[in-house]
Structures are given as structure tokens and as C-alpha cells.
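What follows is a predicted protein model with its sequence.
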Amino acid sequence: QASVGDISKTFRAYLIIFPDSESRLIELAHALFTNRYETVRGALKERIPSTDLLAMLRGLWEDATAIDEVISEAALPAFSLETTRDIIKQHIATAFLHLQNEISDVLVTHSTSNEKLEESQLQTAMEKSKIKVSQGCIDLLQVN
């Protein structure tokens, strides 16, 4: 896999040799970053820490600005900003979905199919749910 520095040098040389090739290079740059952002989206299917996601997105941002120095018409920083916003929304939604599932699991394990929960059982379930919510929020916001 070629580094972005190598790709940016190649783009620069290609523009010098073929000055009318800018539109094709813009398409290639967009395809490259679309593919890389899809890789990040794929990683979100697993439960990854926010710090790992931020490291991936930071690397992509740095790469986009490096390519932008060569072909600014590709508007990669704007493209990256928009895509990053969507990825962060997806990450937060996924994290809260996992949290909701954990809370549901706690509540389901405390209920029985034909019996009503007594007040003490409800209190226990509520306490465990609060702990899950607190821990889930801490895990989501934690910076290592």
C-alpha cells in the first residue's frame, strides 16, 4: 500500500506531465478517500474505543490536507469534514445502541415470564441499569 506522501508526489508529477488530467486526479482522490472512510465505517461494526476512532480520523485528515496541497480543487478537507461528521454520528449511535442492549439484558435477567417483579427486584434492576448507563457513558467519553 502506497503512502499518501508517495501518492501526492505521483499526483504532482502527473499534473506536470499531463496538465489536463486534473479532473481525473480529483476522481481518483475522491475514490481513494471514499474507500479509506469505508474502511473506518467497517471498523465501527466492531466495538472500538473512541480514542482509536479519533486516531483513525486524525490520520485521514492529515492525509487529506497533504493531497489538498497538490490538488486543492478536489476539496478533500470539506469532503473529509462531512464524512467524519457522519462517522462520529454513527459511532455515537452504535455506542448508545450497545448501551441500550446491555440495559435490556439486565432488565430481562431480572424478570420472569409469568410473575410480576416485586419492588425490591425493580429497585435492584434500576440500580444495575443506572450503573450500566454510567459506565457506558464513561466508556464512550473516556480519553486514554
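In hand now; what should we look at?

What distance do you get for the residue most central in space within the chain to Ala93?
By C-alpha atoms, centre = their mean, the chain has its centre lying nearest to Ile87, at 4.1 Å. Per C-beta to C-beta, to the nearest Å, Ile87 is found 11 Å from Ala93. Placement of C-beta: from N, CA and C, glycine included.

returning to that earlier point: dump the residue contacts of the residue nearest to the centre of the chain.
37, 40-41, 44, 53, 57 (C-beta atoms under 8 Å, 6 or more residues apart in numbering).

Does anything pack onto the lowest-mean-pLDDT helix or strand in the chain? Which helices or strands?
For the chain, counting by mean pLDDT, DSSP states H and E, helix 119-141 ranks last in confidence among helices and strands (a mean of 73). Secondary-structure packing of helix 119-141 (3 or more C-beta pairs under 8 Å, 6 or more residues apart in numbering; DSSP states H and E): helix 76-110.

Could I get the average pLDDT for the helix it packs on?
Helix 76-110 comes out with an average pLDDT of 83.

With stretch 57-67 instead?
The model assigns stretch 57-67 a mean pLDDT of 91.

mind listing what's buried in that stretch?
Neighbour counts over stretch 57-67 (16 or more other C-beta atoms under 10 Å) mark 57, 60, 63-64, 67 as buried.

Just the C-alphas of it, formatted as CSV.
Once non-C-alpha atoms are left out, stretch 57-67 reads as follows in CSV (Å, rounded to 0.1, in the frame of the first residue of the first chain):
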residue,chain,number,x,y,z
LEU,A,57,-9.9,10.1,11.7
ARG,A,58,-6.9,12.3,12.5
GLY,A,59,-4.7,10.2,10.2
LEU,A,60,-7.2,10.6,7.4
TRP,A,61,-7.5,14.3,8.0
GLU,A,62,-3.7,14.7,7.8
ASP,A,63,-3.7,12.7,4.6
ALA,A,64,-6.5,14.8,3.1
THR,A,65,-4.7,18.0,3.8
ALA,A,66,-1.5,16.6,2.2
ILE,A,67,-3.3,15.7,-1.0
